[in-house]
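*Asks:* Sharing a model prediction with you, sequence too.
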Amino acid sequence: MKTIIIKYCGGCNPVINRSQIVNELKQSLPADISLVNDQTPKKPELGIMMCGCSSACLDREEIRRLAHEWIVVGGSYVDLFPVNPDQISLRIIQIIREGRFDENINP
C-alpha cells in the first residue's frame, strides 16, 4: 500500500471545495494508494496540501518535512499554475502519473 498524506489549511477564505476535490481523488486513485490525514511511521513519498485560496498559507517548512514531495493546491492553482476548479483533481492525478509518485495511475 502506498500512502499520500493530505494536509488542509484552516479554510478561512476558500474559493474551492477542498473536500470535494479529495473525494474525487479517492474515487480516481487505485486501491493500492491510500490518502491519509495523519503522519505515518514511514515518511510518505508524496503529500498534497489542500489550501482553499491562493495564499497557500499551509506551505511551510514544518509541513514540507512530513513528505518527500508535495503537490500544492492554492485555490484555483496547482503548483503555482492556474487550473479550472472543476479540473483540479484531474490535474493532481496527471502530476502523479507524470512520475512524482506512480506512473500506473489512470484518471
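*Replies:* Noted; the coordinates are in hand.

*Asks:* going forward, measure contacts between C-alpha atoms and count neighbours the same way
*Replies:* Will do.

*Asks:* what about the longest helix in the protein?
*Replies:* helix 18-28 (DSSP state H).

*Asks:* how close does the residue of the chain most remote from its centre get to residue 60?
*Replies:* Centroid-distance maximum for the chain: residue 41 at 19.4 Å, with Cα atoms, centre = their mean. In this view, residue 41 and residue 60 are 21 Å apart by Cα to Cα, to the nearest Å.

*Asks:* Ok, residue 3 next?
*Replies:* 21 Å.

*Asks:* higher neighbour count, these two?
*Replies:* Between residue 3 and residue 60, counting by other Cα atoms under 10 Å, residue 3 is the more crowded of the two (19 against 9).

*Asks:* List the contacts of the more buried one.
*Replies:* 33-36, 44-46 (Cα atoms under 8 Å, 6 or more residues apart in numbering).
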